[in-house]
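Engineer: all I have is the shape, not the residue letters:
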């Protein structure tokens, strides 16, 4: 069983699509927070009214995961990432409307 056959599952794409944005957000926090803690950092993002921008930046790496899965012809996993990315997009658009 090859790597592509082993991991070409929709649940793999869903899990990666759900886990990658918080990991990217944590990397942004660790690289730019200075002396602030996580709740204060999130509050600063809310007060600055850039929460939709922050979520969009965190979700953007899902596109690369989708393209990697697509290039290896792992279409089931790519479908999972695409579905979760669409859910993240709905969350961003809902935040804009509120």
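Structural biologist: Cool, got the structure. These numbers were taken from a predicted model, which means no experiment stands behind them.

Engineer: who touches the helix or strand of the chain with the lowest mean pLDDT?
Structural biologist: When the helices and strands of the chain are scored by mean pLDDT, DSSP states H and E, helix 3-7 comes last with a mean of 88. Where contact means Cβ atoms under 8 Å, 6 or more residues apart in numbering, the residues beyond helix 3-7 that reach it are 72, 73, 74, 77. Heads up, the C-betas are built off the backbone N, CA and C, glycines and all.

Engineer: equivalent analysis for stretch 58-66, please.
Structural biologist: Under Cβ under 8 Å, 6+ apart, the answer for stretch 58-66 is 13, 16-17, 20-22, 24-25, 28, 78, 81-82, 84-85, 88-89, 92.

Engineer: list only those of those residues flagged as buried.
Structural biologist: For those, a burial check counting by 16 or more other Cβ atoms under 10 Å picks out 13, 16-17, 20-21, 24-25, 78, 81-82, 84-85, 88, 92.

Engineer: residue 55 versus residue 26, what's the distance?
Structural biologist: Remark: distance between residue 26 and residue 55 (Cβ to Cβ, to the nearest Å) = 14 Å.

Engineer: oh sorry, the question was meant for residue 76
Structural biologist: Taking Cβ to Cβ, one finds residue 76 at 26 Å from residue 55.

Engineer: what about those two, which has more around it?
Structural biologist: residue 55 (18 against 14; other Cβ atoms under 10 Å).

Engineer: could you say which helix or strand holds the nearest residue to the more buried one once chain neighbours are set aside?
Structural biologist: In space, and not counting its chain neighbours, residue 55 is closest to residue 92: 5.3 Å by Cβ to Cβ, 6 or more residues apart in numbering. Secondary structure assignment for residue 92, by DSSP states H and E: helix 75-97.

Engineer: ok, residues contacting that helix?
Structural biologist: Residues from elsewhere that reach helix 75-97 (Cβ under 8 Å, 6+ apart): 7-18, 21, 51-52, 55-56, 59, 62-63, 65-66, 69-70.

Engineer: what about this structure, any weak spots by pLDDT?
Structural biologist: Within the chain, not a single segment meets pLDDT under 70.

Engineer: at 90 instead, please
Structural biologist: 1-5, 32-35, 92, 95-98 (pLDDT under 90).
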